[in-house]
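# this one's sequence-less:
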């Protein structure tokens, strides 16, 4: 996230630069037509259901199960990504080894690869006859077509959020803090745990929230590997589509509204983390 | 011990330079032991190989599993061809529209001060935090047969949902912020002094924009276009909701991948998917190149996801 610095630009309102009315007007019209009015249509539909209507739909067993699946697995995948994404970010920032630049570029692959492509590829790898699926099948394990498969897809999708949020913070860490810690007798592990990690925590939390938000709404990479069994491995976005196909617009609207509320709350939390972080480091 | 695993690497001039520049200011006390460093690097390599490299490789492996002839035949199918054409068409409409919007929004936001600016930026970023399926749904609720404007559209013989306009709209929604956010960040950083010089020397507003502002932001613009285009061509969830999956008419490439895969036509599904994967690779390569360019300029620090 960028520092929305309305700080440095010292422009007077009556600046000599032309085009303010035109460009702001166009921005607002385009924003309204593409984003605000369609989202308003959703809010309008949802408000016609009322709070109790929303609640009744959300607690329908199948919908509740789908929401629980989406949220809990997205949480778990984001947590896994904090651990491994954090290590990856550290390694890519601090070490030099052959292929580092290539791997660094590859971290953006989940952003660039269309989700459907990732979905069928992951499904092919983890299916019981697939490359990895066939390795673990003799152990009695199965990943594809179970909730574990959803987790694999969400780890794939969420990885760049953590790495790309943490990397710039690692780059800006001051060496003298680590040196001071070492001089005062800390072992390297103690320094990493008690000096470096706390400095990275806000970035890790932001990355966690971003990956979680993305995971809750993710559709394309999940549905091929999930198996989509109602009550077990059916995700909330898929249930929206199922409801639409049954012309149950109220159901689809209710699920979408809850997901939207969740992602806005996450957005708010991210902003709070960043505000807290700015206060803490007095920027 | 001193820093890292770098000692294992062949010492090219470049790696020496990077190592020195990396280890600058870091003494012996502030590196991990070779053992810990090796473990961390190994964990990273295995994780990335498993979750990034393997899925990418499998796309091409499966696409060519039955040989190059089967691959080409799958791409020559009329349905595949029309999916490719539709994907190109949708991107050709959505990307330029978002470029015009991005330029306008960045001009208004970066060159002027007005209240609620950061709220406006939040609204522009909003589509990134909406699930693609919800993005499709909102257009169905607005333009669909049971939607708010559905009866009116039907009376006038206009089709948006289950037709190309709906696909274009959904694609514009999910790619909405890409160009704008790159340009806003850079243009806020650049300020207004160069434009003010051009204007006070007598250049018109348009001339200032085309000859001062645009050259200043061209790499960021290209970067935004690149990301916008990749997402536009690859979008699946939002498009899936509004498309209606009519073969040969409203199927984009990602939707065609889904249909073929669900029909157990695995080779054909991965053949179409391989084109999209190729697009992703080209995008990543161009992105890395552009980031090199950015770092020469004075703006690299303000960008990022």
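Looks like it came in fine. Worth saying up front: this structure is predicted, and the values here are computed from it rather than measured.
# Residue 77: neighbouring residues, count only.
Just going to use chain A. 25 (other CB atoms under 10 Å in any protein chain shown). Any C-beta I mention is one placed from the backbone N, CA and C, and that applies to glycine too.
# wrong one, I was asking about chain B
16.
# And it, how close does it get to chain A?
As for residue B:77, its distance to chain A is 17 Å (criterion: CB to the nearest CB, to the nearest Å).
# What sits closest to that residue if chain neighbours are left out?
residue B:268 (7.0 Å; CB to CB, 6 or more residues apart in numbering or on different chains).
# which SSE is the one you found in?
Secondary structure from DSSP states H and E places residue B:268 in helix B:266-296.
# Who are the packing partners of that helix?
Packing partners of helix B:266-296 (3 or more CB pairs under 8 Å, 6 or more residues apart in numbering or on different chains; DSSP states H and E): helix A:100-106, helix A:109-112, helix A:115-126, helix B:54-63, helix B:67-76, helix B:78-111, helix B:214-234, helix B:253-262.
# show me the contacts for the residue nearest the centre of chain B.
Geometric centre of chain B, nearest residue: residue B:227, 2.4 Å, by CA atoms, centre = their mean. Contacts for residue B:227 (CB atoms under 8 Å, 6 or more residues apart in numbering or on different chains) come out as A:111, B:178, B:182, B:283, B:287.
# For these, give me CSV that also has pLDDT, distance to residue B:97 and neighbour count.
Output for the contacts of residue B:227, formatted as CSV (pLDDT from 0 to 100; distance: CB to CB, whole Å; neighbours: other CB atoms under 10 Å in any protein chain shown):
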residue, pLDDT, distance to residue B:97, neighbour count
A:111, 92, 21, 20
B:178, 95, 12, 25
B:182, 93, 16, 27
B:283, 94, 20, 22
B:287, 90, 22, 19
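# Grab the nearest non-local neighbour of whatever residue of the stretch 151-283 of chain A ends up closest to chain B.
The nearest approach of the stretch 151-283 of chain A to chain B comes at residue A:217, 2.7 Å away (CB to the nearest CB). Nearest residue to residue A:217, sequence neighbours excluded (CB to CB, 6+ apart): residue B:131, at 2.7 Å.
# I'd guessed the one you found sits against residue A:261; true?
No - under the criterion of CB atoms under 8 Å, residue B:131 is not in contact with residue A:261, lying 11.9 Å apart.
# who has more neighbours, these two?
Neighbours were counted for residue B:131 and for residue A:261 using other CB under 10 Å; residue B:131 has more, 28 against 12.
# list the contacts for that one?
Counting by CB under 8 Å, 6+ apart, residue B:131 makes contact with A:216, A:217, A:218, A:219, A:237, A:256, A:259, A:260, A:263, B:237.
# now do 6 Å
Going by CB atoms under 6 Å, 6 or more residues apart in numbering or on different chains, residue B:131 touches A:217, A:237, A:259.
# Make JSON lines from the residues you listed and add neighbour count to it.
Formatted as JSON lines, the contacts of residue B:131 follow (neighbours: other CB atoms under 10 Å in any protein chain shown):
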{"residue": "A:217", "neighbour count": "25"}
{"residue": "A:237", "neighbour count": "28"}
{"residue": "A:259", "neighbour count": "24"}
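# Distance-wise, check the most centrally placed residue in chain A relative to residue A:110.
Centroid-nearest residue in chain A: residue A:211, 2.1 Å away (criterion: CA atoms, centre = their mean). From residue A:211 across to residue A:110, the span is 10 Å (CB to CB, to the nearest Å).
# again, but for residue B:31
Counting by CB to CB, the gap from residue B:31 to residue A:110 is 30 Å.
# again, but for residue A:255
Residue A:255 is 25 Å from residue A:110, by CB to CB.
# which of those two has more neighbours?
It is residue A:255, of residue A:255 and residue A:110, that has more neighbours when counted by other CB under 10 Å, with 30 against 23.
# So for that one, what's the nearest residue that isn't a sequence neighbour?
Nearest non-adjacent residue to residue A:255, counting by CB to CB, 6+ apart: residue A:240, 5.1 Å away.
# Tell me, how many residues neighbour that neighbour?
By other CB under 10 Å, the residues close to residue A:240 number 29.
# try residue B:40
As a burial measure, residue B:40 scores 19 neighbours (other CB under 10 Å).
# For residue A:141, give me the backbone phi and psi.
In this entry, residue A:141 is assigned phi and psi values of phi -100, psi 150 (degrees, to the nearest 10).
# what does the one 5 residues further on give?
The phi/psi pair for residue A:146 (degrees, to the nearest 10) reads phi -130, psi 170.
# And for the one 4 residues further on?
Main-chain torsions, residue A:150, degrees, to the nearest 10: phi -60, psi -40.
# Residue A:224 is in contact with that one, correct?
No - contact criterion CB atoms under 6 Å: residue A:150 and residue A:224 do not qualify, at 10.7 Å.
# Tell me which of those two has more neighbours.
Taking neighbours as other CB under 10 Å, residue A:150 and residue A:224 compare with residue A:150 leading, 31 against 28.
# Show the contacting residues for the more buried one.
Residue A:150 touches A:73, A:222, A:226, counting by CB under 6 Å, 6+ apart.
# Which neighbouring elements make contact with the strand or helix carrying the first one?
Element membership for residue A:73, per DSSP H and E: helix A:61-94. For helix A:61-94, the packing partners by 3 or more CB pairs under 6 Å, 6 or more residues apart in numbering or on different chains; DSSP states H and E come out as helix A:147-172, helix A:197-217, helix A:236-245, helix B:34-48.
# Make CSV from the ones you listed and add distance to residue B:257 and mean pLDDT to it.
Rendered in CSV, the data for the helices and strands packed on helix A:61-94 read as follows (distance: least, CB to CB, whole Å; pLDDT from 0 to 100):
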stretch, distance to residue B:257, mean pLDDT
helix A:147-172, 15, 95
helix A:197-217, 20, 92
helix A:236-245, 17, 93
helix B:34-48, 24, 91
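# Nearest to residue B:148 among those would be which one?
Comparing those by their distance to residue B:148 (CB to CB), the top pick is helix A:236-245, with 15.6 Å.
# Which parts of chain B belong to which domain?
When chain B is parsed with automatic domain parsing, its domains come out as B:5-63, B:67-302.
# mean pLDDT lowest for which of those?
Set side by side, those differ in mean pLDDT, and domain B:5-63 is lowest with a mean of 71.
# and residue A:17, which of the three is it?
Per DSSP: H, G, I helix; E, B strand; the rest coil, the local secondary structure of residue A:17 is coil.
# same deal with the one 10 residues further on?
Following three-state DSSP, residue A:27 is assigned to helix.
# ok, it touching residue B:105?
Yes - Residue A:27 is within contact range of residue B:105, at 4.3 Å (criterion: CB under 6 Å).
# Just want to know which of these two has more residues nearby.
residue B:105 (28 against 23).
# which residues touch the more buried one?
By CB under 6 Å, 6+ apart, residue B:105 lies in contact with A:27, B:180.
# ok, it to residue A:155 distance?
According to CB to CB, residue B:105 stands 34 Å off from residue A:155.
# and what of residue A:91?
Plainly put, residue A:91 is 17 Å away from residue A:155 if you go by CB to CB.
# Kindly report the same for residue B:279.
Residue B:279 is 23 Å from residue A:155, by CB to CB.
# So for the helix holding residue B:268, what gets flagged as buried?
Buried residues in helix B:266-296, counted by 16 or more other CB atoms under 10 Å in any protein chain shown: B:266-277, B:279-281, B:283-284, B:286-287, B:294.
# That'll do, ta.
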